[in-house]
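Q: structure for this input, please:
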Amino acid sequence: MESKKLFRNVLIVFIIALNIGCDQISKNVVREQVDYHEQINILDKYIILTKVENAGAFLGLGDSIPRPLYKILMIFLPILVIGYTLFYIAKETNMTKSMLFGLSLIIGGGIGNIIDRIIYGSVTDFLYFDFVVFHTGIVNMADISVTVGFFLILFGMYFKKPEQNISIENA
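A: Numbering: from 1, shown residues only. A predicted model of the protein is given here:
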């Protein structure tokens with residue numbers, strides 16, 4: 001039982017670290033190789049690489065708030081939420097795989113964007129997706145991780161079956 005719990009926790013840390021690493025490496029490459037507002041078509045007009053700095057949160061929300069409030073809302077509060085979520089997934093040993101993986105993606109993406117806010121005062125965004133029927137704002141890998149994690153959690157909640165839970169006690 002202890003080895004399964006250890007494996008589970010190592011897997012969680014690995015997923016989080018992989019997310020942070022991919023996010024930070026991709027942002028560093030973009031910071032060094034792409035000029036601001038330069039547009040590079042990756043897949044015709046459907047995926048475009050461009051570099052912008054986002055001083056706010058989702059789609060720039062909160063980019064003009066005073067810096068002390070910014071630090072509370074965009075750095076301190078997310079750190080508390082991520083800390084609680086880490087505590088929750090470490091303590092809760094009976095959750096679905098999709099919930100565990102989704103929360104790990106959200107934590108990794110959240111940490112990636114917090115790192116940018118602390119070091120640079122803003123978050124580097126660089127990917128634009130045009131899915132014909134709708135398009136995204138300009139996002140980064142951390143944003144994609146958070147979004148995928150959110151949808152995994154919703155998917156898991158919708159299709160939840162009791163036998164899908166990862167229970168260390170029952171393993």
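Q: contacts, neighbours, all on C-alpha from now
A: Noted.
Q: let's verify the closest residue to residue 48 other than its chain neighbours: helix, strand, or coil?
A: The shortest distance from residue 48 to any residue other than its chain neighbours is 4.6 Å, reached at residue 41 (C-alpha to C-alpha, 6 or more residues apart in numbering). The assignment at residue 41 comes out as strand when based on DSSP: H, G, I helix; E, B strand; the rest coil.
Q: contacts only, for residue 41.
A: Residues counted as contacts of residue 41 (C-alpha atoms under 8 Å, 6 or more residues apart in numbering) are 47, 48, 49.
Q: touching, residue 27 and residue 124? I think so.
A: Yes. Checked against C-alpha atoms under 8 Å, the pair residue 27 and residue 124 is within contact range at 6.3 Å.
Q: which neighbours do these two share?
A: By C-alpha under 8 Å, 6+ apart, residue 27 and residue 124 have these common neighbours: residue 140.
Q: more neighbours: which of those two?
A: Each of residue 27 and residue 124 has its neighbours counted (other C-alpha atoms under 10 Å); residue 124 has more, 27 against 22.
Q: before we move on, the earlier item: show me the contacts of residue 41 that map onto strands.
A: 47, 48, 49 (DSSP state E).
Q: the host helix or strand of residue 24 - contacts with which helices or strands?
A: When secondary structure is defined by DSSP states H and E, residue 24 falls within helix 2-33. If you count contacts as 3 or more C-alpha pairs under 8 Å, 6 or more residues apart in numbering; DSSP states H and E, helix 2-33 packs onto helix 97-120, strand 123-129, helix 141-158.
Q: this completes my enquiry, with thanks.
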